[in-house]
Structures are given as C-alpha cells and as structure tokens.
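Asks: Take this sequence and fold it.
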Amino acid sequence: MTSEALLALAILALTIVLFVSDRLRLDVVAMMSLLALTISGVTAVPDALAGFSNPAVLMIAGLFVVGAALTDTGVADWLGQRLERFARGGEAKVIAVVMGATALVSAFMSSTGTVAILLPVVGTLALRRGIAPARLFMPVAFAAHLGSNLTLISTPPNLLVSEALRAAGREPLRFFSFTIPGVVVLAVGVAYMISIGRRELPSQEDRADAGAPRSLSLDDLSMEYGLGGALRAVRVPPGARLIGLTLGKANVRADFGVTVVGIARPGPGGLEAQRVVPQTVFSAGDELRLLGSDEKIAALTESFGLEALPARPIFSLPPEESLAEVVLPRRSGLAGQTLRDARFRDRYRASVLSIRRGEGWLPVFHATPELRDLKLRAGDTLLVKGRLKHLKNLRDERRDLVLVAEPDARGDVLVDRERAAVAVCITLGMLVCMALGWLPNVIAVLLAAVLLVLARCVRPADVYRAVNWESVVLIAGMVPLATALERTGAMGAAVSAVEGLLAGARPAVVLGLLVLATSAIGMVLSNTATAVLMAPLAVRLAGALGLAPEPLLLGVAFASSAAFATPIASPVNILVMGPGGYHFKDFTRVGLPLQLLVLATAVIVIPLVWPF
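Replies: Coordinates of the predicted model:
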C-alpha cells in the first residue's frame, strides 16, 4: 500500500473519531477532512472541490426548498392534522395509522422535517386519546426512517447510491426504484411495532405522566412540568401596598426572586384571568399565581401585605394566552446559550416557565428566576407561555425549536389555498419528470425549486434559511475522501481483502455482511456519512465478485437509514427522546430487534427486485 493510501486511511480514521466524539459539527469535520487531503497533497484542489458540484449535493439542496414550500403554504401541516380523522380505535390502530402517515410524508421530505411537522399533532392526539406520548413518539421516529426507503428523494443515502451507480457507468436509480422493497420493509416494521415492539414501549406507569389526561388543559400541562407543586396563590386584600402599582413597578422578580405567572380578578362570572404584562395594574381582590421558594414568597407576602391562600391554585390564563411545549433539536442554535443571552422573550414573544431535562420522566425541573441563566442543551423541553398568535408562529420555527404539544389544540391549520395548489402542482410535476425520466433528476429538482420561488410558494428570503447547510457541506466535504480512497488504492486494498474472505460465498451472504457492516457504522455516524463511505466500497466489491452493483447499493441505502437501536444514530431519535422521556436503553430494547428485522427483510426482498 502506498504512502498516499496510508495517509488517506489515517485521515479517514481521524474523521470517524471526530464524528463519533460529537465535539464538532459534522460539516466542520468534513471540511477539516477536505483540507487535510488537499494540504497533504493526497487530493488535488479540483478534486477536493468537486463535491460542491456533485449532482446529489445539488439535489439535496433543491429538495430542502421544495419541502419549505410545502411547509410554508400549509400543505404539510394540513396533511399532518388529517391524522386525527383516521386514528380512531385502539392503541394498535393509532400506532399503525400514525406510522403509515409519517412514512408517507417522509417519502417526500427529510425525516427530520417530517417529525418536526408531525410531533405536535401526534403529541396532542396522544393526550386526547388518553395514550402516553411515549407510546407514539418512538413509532413516529421509526416510521420516518422506514419512509426513507420508499423513494429516491426521501433521504440523502438514496441519492448518494444512485450517484455512485452513475459514476460507475451504470444507469442511475429511478424515482420508484426503492418503492417495492421499501413497502415490504415498512409493512414488516409496522407489524413489529403494533405487536412485539408495542409491548416493549414505555407504559404510562413507567413515566411520570402515568395519568395522561384525555384532553390537555393548561393545568394538566403545568402539572407535567412540576409547576403544580411549585405554584402558590396569594390574594391582594383591601389596603395592600400592591394596589395601584403595575407589575413592572412592583419589581416582584427583581426584588424578591418571585415570578408572577397568573393574575385572576373577580368578575361577574367569577375569577377572570388577566394578562401578565408589565402594564397590568393590581387591584383589591386579585389572586396572584406565583413561582418561587416558600421563603421568597413569604417575604413578598409580608412586604406588600398580601394574604396567602392555602389551596393549590388552578393554573389559568386569559383567553388570548396559552401554554405550549417545545423541544430543542440537535444542532439547535439555542443550545449552549442561556435564555437571557438568546433574548428568548423578545425573539419568540413568549416566556419560559419551566425546563425539563434528563432521561426518563423523572427529570429535573427549573422554575425559578435563575432559569434565565441556565444554559440550554439539545433535547431540553421547554414550557412556554405567550399570546396565541405568537405561539402559533412556533409551528413554523423548526430549526431551533420544535413544537411538541399545545393545550386544547383546535386542529386549525392556516392554508394559503392558491399558493398551496401551485406548490402541489409543481411538486407533482417534479415527481412525474423524475419517475418517467423526462429530465435528469437534478435538473427536475432544481427546476421545481426555482418555479416554487417564482410562484412565491416560498419567499426568496427564506430559501437559504430552508436549506440544511450542515447536510449539504457534510456531503460535499466527504465526497473527496471517498475519491481519495479510490484513487490512492486504499479502497482497492480493502476490496481485495474482503474478496479473499468472501471467495465462493453466496451473493446473499455478501449482501448480508455488507448490510450488517453498514448498519454498524451507521450507529455512530450519520446516515449521510455512512453512505458516502460505503457506496464506493459496494461498487468495487460488486465488480470484484462479478455481481450487479444495484442490490448491494440498495442494501447500503436501506442499512444507512436503519437508525433504530440508539438515540444518537439519528437527529430524529434525539428529537423525540426528550418529549417522549425515553432512556437510552428504550431505543435499544425496542429498536435493536427492529433493526435486525429490517435488515433481514431487506436482504431477502432486494434481490427479488434487483437480481445479482
């Protein structure tokens, strides 16, 4: 093996170590790998930059724009909220319907975007049906991965293996090349989850939400976040010093370390909730809902001459305000910042009342003024309060925050009918062009993206924000590494070693071992990075053993998307881990058998559609 090959392998090893450590962003690691290859002389500058003109990279960027158009016009949310009409019946039927709908959406959008759209719908559906959210959130995540096996455009690994075929001089895969084996794998996955997997999902008794209500109220949601036990009530009696003062001038938070989260005022029909804003003026008879330590609340009560109420208060808000539950996804821009640094209240026009953090449903609760100085982490779930019109905007904020549930959600979705119809027509046109081969896939996607912008289905200002540049740069930066391994002979040496071990083996055995190896790598690397590394190996291995490369490449794609066994295997799993209150072992207990079952099914079905 040449010195260049050894150097390329060393860069590959270091890249994998950095990926697994998760101390740096994936795209930063990919760029470091690209620079190392160039500076060391292993790769020439044109080859190092070739990834940025790779058709798969351009297609992925264009598909993000298509997904943004379907989201912005309300099409994706409208489809998501149709779930409730069909999800009637027992828990098994609900899981089956939720998984089927998630997989269908995931066939045309990224799995992360799919889960971000459906999470609040499924969360509210679970609570209305009296089902613990933990019973549905993991099936949603798994269905998003299974849906990635249905079409060419559903996930980057599918595009990457198709591009590997084209680079090898073969006909690239078509739009529905994955569909037949993908449908079989999906059916097997759903059958597993509604039978064996459902029995292994965390039950209501296993989590702190054991008494999950059939409808989600403000008080229910506040109780989930530990505010029920921490909430205190005081009354403003006649003659109290607080009468006539505004909330801003009273300096309750600054002087006493107490947060006023609710104000109830006597009215003709009983107590009426008032807005909690600095301009609110206190009156005799007001009942205040307070958060803070008993000592601080006692000091406030004594200072202003208030009257402590013994009973636990019911959390209430005025009609124009509500609560919502949001989660920070992996790579959220808020991770590592405090609420104060992020100017959360000004940015989202909402206040954070509590943060739930930790594995399981026995988390640490933070409901004090010091909450503003707590550094946020990916996976944190936040209970926020704000006006309804501002909380609705959180539905569209899917990069840094993902809405999980709203109390008393009415299921109303704002759909711009004219723009939505145009977006659907353009998207269907793109799919038809790709399915029938009228245009090269990359041209069809880019044409659709441009038409959607021209038709104002997505604002030009939002186009670049819609693209997940981390994924784009990751692929573009990793392509030169795969090229270097091929050019220096490192890939050939690996294939020769494997060929010697597999000499005389049946093709199905070769496919099975390749799928297992790809799946093992995918447990610690992203599915994109896994496909970039394994697709060229599959092509070379097929050539060395005299096999058609198509079944091996489809096996790589299916195995790359089989991210069920660990929460770190995919951003989608991390996205549901906090809201579902899952432990690491929950994914292993439920997901590992599913992963093995999916891989075995793929090994059996793929050769029937794509012979060796």
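
Asks: in stretch 184-199, what's buried?
Replies: Within stretch 184-199, the residues that count as buried by 16 or more other C-beta atoms under 10 Å are 184-186, 188-190, 192-194, 197-198. C-beta here means a position set from N, CA and C on the backbone, and glycine is covered the same way.

Asks: Mind listing residues that contact stretch 459-472?
Replies: Contact with stretch 459-472 is made by 25-27, 57, 60-61, 64-65, 67-68, 72, 110, 112, 156, 331, 399, 449, 453, 458, 528, as judged by C-beta atoms under 8 Å, 6 or more residues apart in numbering.

Asks: if we can go back for a sec, could you dump the buried residues of stretch 184-199 into CSV and include distance to Leu291, secondary structure and pLDDT?
Replies: As requested, the buried residues of stretch 184-199 are exported to CSV (distance: C-beta to C-beta, whole Å; DSSP: H, G, I helix; E, B strand; the rest coil; pLDDT from 0 to 100):
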residue, distance to Leu291, secondary structure, pLDDT
Val184, 53, helix, 96
Val185, 48, helix, 96
Leu186, 46, helix, 95
Val188, 48, helix, 96
Gly189, 43, helix, 95
Val190, 43, helix, 95
Tyr192, 44, helix, 95
Met193, 39, helix, 95
Ile194, 41, helix, 93
Gly197, 39, helix, 91
Arg198, 38, helix, 90
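
Asks: Now tabulate those in TSV and tack on distance to Arg540.
Replies: TSV is the format used below for those (distance: C-beta to C-beta, whole Å):
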residue	distance to Arg540
Val184	28
Val185	26
Leu186	30
Val188	30
Gly189	30
Val190	35
Tyr192	34
Met193	36
Ile194	40
Gly197	36
Arg198	42
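
Asks: give me the number of residues near Ser3?
Replies: When neighbours are counted by other C-beta atoms under 10 Å, Ser3 registers 9.

Asks: let me fix that: Val115
Replies: Neighbour tally, Val115, other C-beta under 10 Å: 29.

Asks: To which secondary structure element is it assigned?
Replies: Using DSSP states H and E, Val115 falls within helix 111-128.

Asks: Report the backbone C-alpha coordinates of that helix in PDB.
Replies: The C-alpha trace of helix 111-128 is given here as PDB (Å, rounded to 0.1, in the frame of the first residue of the first chain):
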ATOM      1  CA  SER A 111     -37.100  12.500   8.100                       C
ATOM      2  CA  THR A 112     -36.200  15.300  10.500                       C
ATOM      3  CA  GLY A 113     -38.600  17.800   8.800                       C
ATOM      4  CA  THR A 114     -41.400  15.100   8.800                       C
ATOM      5  CA  VAL A 115     -41.100  14.500  12.600                       C
ATOM      6  CA  ALA A 116     -40.900  18.200  13.300                       C
ATOM      7  CA  ILE A 117     -44.200  18.700  11.400                       C
ATOM      8  CA  LEU A 118     -46.000  15.700  13.000                       C
ATOM      9  CA  LEU A 119     -44.700  15.900  16.500                       C
ATOM     10  CA  PRO A 120     -47.200  18.500  17.900                       C
ATOM     11  CA  VAL A 121     -50.100  16.700  16.000                       C
ATOM     12  CA  VAL A 122     -49.200  13.300  17.400                       C
ATOM     13  CA  GLY A 123     -48.500  14.700  20.900                       C
ATOM     14  CA  THR A 124     -51.900  16.300  21.100                       C
ATOM     15  CA  LEU A 125     -53.500  13.200  19.500                       C
ATOM     16  CA  ALA A 126     -51.900  11.000  22.200                       C
ATOM     17  CA  LEU A 127     -53.200  13.200  25.000                       C
ATOM     18  CA  ARG A 128     -56.700  13.400  23.600                       C
END
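
Asks: starting at the chain centroid, how far to that helix?
Replies: 10 Å (C-alpha atoms, centre = their mean, to the nearest Å).

Asks: just checking, what packs against that helix?
Replies: Under the contact definition 3 or more C-beta pairs under 8 Å, 6 or more residues apart in numbering; DSSP states H and E, helix 111-128 sits against helix 55-72, helix 75-81, helix 83-86, helix 91-106, helix 134-147, strand 402-405, helix 571-580.

Asks: For the contacts of stretch 459-472, I'd like a selection string for ChimeraX - just the buried members, please.
Replies: Paste this into ChimeraX to select the buried members of these, with burial taken from 16+ other C-beta under 10 Å:
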select :26,27,57,60,61,64,65,67,68,72,110,112,156,331,449,453,458,528
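
Asks: burial of Val445, as a residue count?
Replies: By other C-beta under 10 Å, the residues close to Val445 number 25.

Asks: I meant to write Val539 there.
Replies: Neighbours of Val539 using other C-beta under 10 Å come to 25.

Asks: got a pLDDT number for it?
Replies: Looking at Val539, its pLDDT is 90.

Asks: for it, helix, strand, or coil?
Replies: Using DSSP: H, G, I helix; E, B strand; the rest coil, the structure places Val539 in helix.

Asks: How is the protein divided into domains?
Replies: Residue ranges for the domains of the chain, per automatic domain parsing: 3-205+428-609, 218-309, 321-405.

Asks: Helices along the stretch 451-600 of the chain, start to end?
Replies: Ranges of helices within the stretch 451-600 of the chain are 460-466, 469-487, 490-502, 507-522, 527-545, 549-561, 571-580, 584-609, based on DSSP state H, counting those that start in this stretch.

Asks: quick one: which of those is nearest Gly270?
Replies: Proximity to Gly270 (C-beta to C-beta) singles out helix 571-580 among these, at 34.3 Å.

Asks: now what about that closest one, what contacts it?
Replies: Against helix 571-580 from outside (C-beta under 8 Å, 6+ apart): 111-112, 115-116, 119, 123, 133-134, 137-138, 140-141, 144-145, 202, 325, 327-331, 356-357, 378-381, 402, 404-405, 563, 566-568, 582, 587.
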